[in-house]
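**Student:** requesting a structural model of the entry that follows:
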Amino acid sequence: MPIFSNTLNWFAQVSACAVRLTFVALYFMCTTANAADKVSVGMLRFVSSGPMFLAMERGYFREQGIEVEPKFFEAAQPIAVAVVSGDIDFGATAFTGGFFNLAGAGQLKIIAAQSKESRGFEGNAILVSNAAWDKGFHQLKDFSGKSLGISQIGSSFHYQIGQLARIAEFDLKSVTLRPLQSLPNMVAALKGNQVDAIIIAPNLARPLVAAGDAHLLGWYSDYDEYQFGGLFTSARTAKERRELTRRFVQAYQRGCSDYAVAFMNKDSTGARIFDETSDSAAKIIAPYVYPNEPTEHGIALVKSSAFPADPQARLDVADIYKQISWMKAEKLVNDTVDPALTLDLGFVQGHFNVPK
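**Tutor:** All right, here's what the predicted structure looks like:
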């Protein structure tokens, strides 16, 4: 009997151990299955990146099982290159000629909208240096014979001066374009009177004007509207990690909706309305864009510098076709680039002006 009893005890211990090991194995399997997908996102420290900041801080990505690591850049074009190289997974910034060339070669896909220039909202500012202003540079037509600091050839700033030349009827070739590689370099060149003008985001423009370091010639949106930026990823990610990309876009759309509710309201006179919702959103965005400003001042700057954004992240597709056409004419984009192939419109419903 003792031998039989010991045998039973031994089997009981082994069985209990097996059960514990099974539970441990199942626990680790479930933990692994539920682990968040980690992705990195390239962007600029601009208020126009606000929808991404809101989605991150309000937990919308976490709810989709995604952990986001932000990566910050000093110009738009390097973000596109980083997505293609695999250094980052997604990018949200302005379109450039280099971007369209990479997308046309099958490397990138635009999957949602970021910011846009829209009449009635202050987007990019056209700034004139103090020295140029003192010499009479007071209106758009005065660009002729002047210099413009831009980040890179083919940048969004390059595109915008091209449209301003068309609208104000001055010759783009009469403007000396000086590629300075980064936004801080553009700001420094204007302050130092090394260039006559720059076109730059409002969160950088307003402090320059307030400090007396530049003069505001006008807002780009006073003259033209266009789809300024977008959310994009590599063609490979859009195809092979489609479910992850779908979840990422859904979380991002919630950030866009919050952003629009906070900053895009107007009263009957067309004046923008800000309330507690605006303050709450601006408080989240301000540390990313104005890390060195006191909280209240940062909140005020965010509200005054908020680009328009579609609440569902829908693109103005026809305008992207227009941008590519202009850049082809300026030899900034290859003639072989098919605009349709730069887009993957399946992640967002209801895009605007989709060509037949």
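**Student:** gap between residue 356 and residue 169?
**Tutor:** Separation of residue 356 from residue 169 (CB to CB, to the nearest Å): 32 Å. Where you see a C-beta, it was placed from the backbone N, CA and C, and this is true even at glycine.
**Student:** actually residue 230, not the one I wrote
**Tutor:** Distance from residue 230 to residue 169, by CB to CB: 30 Å.
**Student:** for residue 347, same thing?
**Tutor:** Per CB to CB, residue 347 is found 40 Å from residue 169.
**Student:** higher neighbour count, those two?
**Tutor:** residue 347 (22 against 10; other CB atoms under 10 Å).
**Student:** and that one, what does it touch?
**Tutor:** 111, 112, 245, 246, 249 (CB atoms under 8 Å, 6 or more residues apart in numbering).
**Student:** quick check: chain neighbours aside, which residue is closest to it?
**Tutor:** Once flanking residues are discounted, residue 347 sits nearest to residue 249: 4.4 Å by CB to CB, 6 or more residues apart in numbering.
**Student:** what about the one you found, neighbour count?
**Tutor:** Residue 249, neighbours per other CB under 10 Å, totals 20.
**Student:** what about it, which SS state?
**Tutor:** helix (DSSP: H, G, I helix; E, B strand; the rest coil).
**Student:** against residue 280, how distant is it?
**Tutor:** To residue 280, residue 249 is 24 Å away according to CB to CB.
**Student:** again with residue 253
**Tutor:** Plainly put, residue 253 is 19 Å away from residue 280 if you go by CB to CB.
**Student:** now do the contacts for the closest residue to residue 248 other than its chain neighbours.
**Tutor:** Of all residues not flanking residue 248 in the chain, residue 66 sits nearest, at 5.9 Å (CB to CB, 6+ apart). Listed by CB under 8 Å, 6+ apart, the contact partners of residue 66 are 36, 37, 38, 39, 244, 247, 248, 251.
**Student:** how far away is residue 66 from residue 290?
**Tutor:** Distance from residue 66 to residue 290, by CB to CB: 26 Å.
**Student:** residue 332: neighbour count?
**Tutor:** Look at residue 332: counted by other CB under 10 Å, it has 20 neighbours.
**Student:** retrieve the pLDDT associated with the closest residue to it other than its chain neighbours.
**Tutor:** Ranked by CB to CB, 6+ apart and with sequence neighbours excluded, the top spatial neighbour of residue 332 is residue 97, at 3.6 Å. Here the pLDDT value assigned to residue 97 is 97.
**Student:** quick check: phi and psi on residue 97?
**Tutor:** phi -60, psi -40 (degrees, to the nearest 10).
**Student:** same check, this time on residue 53
**Tutor:** According to degrees, to the nearest 10, residue 53 has phi -60, psi -40.
**Student:** does it touch residue 284 like I think?
**Tutor:** Yes: counting by CB atoms under 8 Å, residue 53 does reach residue 284; the two are 6.0 Å apart.
**Student:** more neighbours, these two?
**Tutor:** Between residue 53 and residue 284, counting by other CB under 10 Å, residue 53 is the more crowded of the two (23 against 19).
**Student:** list the residues that contact that one.
**Tutor:** Per CB under 8 Å, 6+ apart, neighbours of residue 53: 255, 284, 285, 288.
**Student:** please apply the same query to residue 178.
**Tutor:** Residues near residue 178 by CB under 8 Å, 6+ apart: 147, 148, 149, 150, 189, 195.
**Student:** can you rerun that using 7 Å?
**Tutor:** By CB atoms under 7 Å, 6 or more residues apart in numbering, the contact list for residue 178 reads 147, 148, 149, 150, 195.
**Student:** next: residue 118.
**Tutor:** Neighbouring residues of residue 118 by CB under 7 Å, 6+ apart: 221, 225, 308.
**Student:** pretty sure the last one sits against residue 116.
**Tutor:** Yes: proximity of residue 308 to residue 116 meets the contact threshold set by CB atoms under 7 Å, at 5.6 Å.
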